[in-house]
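J.: For reference, the sequence and a predicted model appear below.
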Amino acid sequence: MVGVIFDVSERKLATEAKDRLESQLRHAQKLEAMGTLAGGIAHDFNNILSPIIGYTEMAMDGIAESSPSRYDLDQVLTAANRAKDLVRQILSFSRLGDDQLMRPVDVSLIIKEALITPISWGTGAKVLPSSMRARPWGMPPTRSPLAFL
């Protein structure tokens, strides 16, 4: 009678280690997905907050310090700034780190949107005449490095 004995303890340890690593990878992927989702929501929320803060500040500029409406607008501004701080915290959670991919921004589009935004709620007045176009200063439209993004 002949018998063969195999020691499978190393194989069992390797399988357990592999299972632990796969579990850690799945967990890291879930955290990354949550961070990406949180970052997207935070950016969208920030886009909503910006005009609220801006218009509130402009409205406060046109109201006397002693006006009862001034207190109400101050409360709106305080709440919006708290929300802005919350957005910052969410964005810091969602970032992968300092080495995350940074992309250039077409500033001309942001400036154009800011200049064309109505000055007050009812007037619809525009700062930039329709005959003018916003683009990076000193650069013809075809030469703009931002045009290729």
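T.: Looks like it arrived, so ask away. Residues are numbered from 1 along each chain as shown.
J.: so who does Leu25 touch?
T.: Taking Cβ atoms under 8 Å, 6 or more residues apart in numbering, we find Leu25 in contact with no residue. Where you see a C-beta, it was placed from the backbone N, CA and C, and this is true even at glycine.
J.: Need the three-state assignment for it.
T.: helix (DSSP: H, G, I helix; E, B strand; the rest coil).
J.: those helices in the chain, which residues are they?
T.: 9-61, 68-94, 107-116 (DSSP state H).
J.: could the ones you listed go into a markdown table alongside mean pLDDT?
T.: Shown next, in a markdown table, are the helices of the chain (pLDDT from 0 to 100):
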| stretch | mean pLDDT |
| --- | --- |
| helix 9-61 | 90 |
| helix 68-94 | 87 |
| helix 107-116 | 65 |
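J.: how about the ones you listed, which one is nearest Met1?
T.: helix 9-61 (24.9 Å; Cβ to Cβ).
J.: and Ala59, how many residues sit next to it?
T.: Neighbour count of Ala59, defined by other Cβ atoms under 10 Å: 17.
J.: Against Leu77, how distant is it?
T.: 9 Å (Cβ to Cβ, to the nearest Å).
J.: How about Glu16?
T.: 57 Å.
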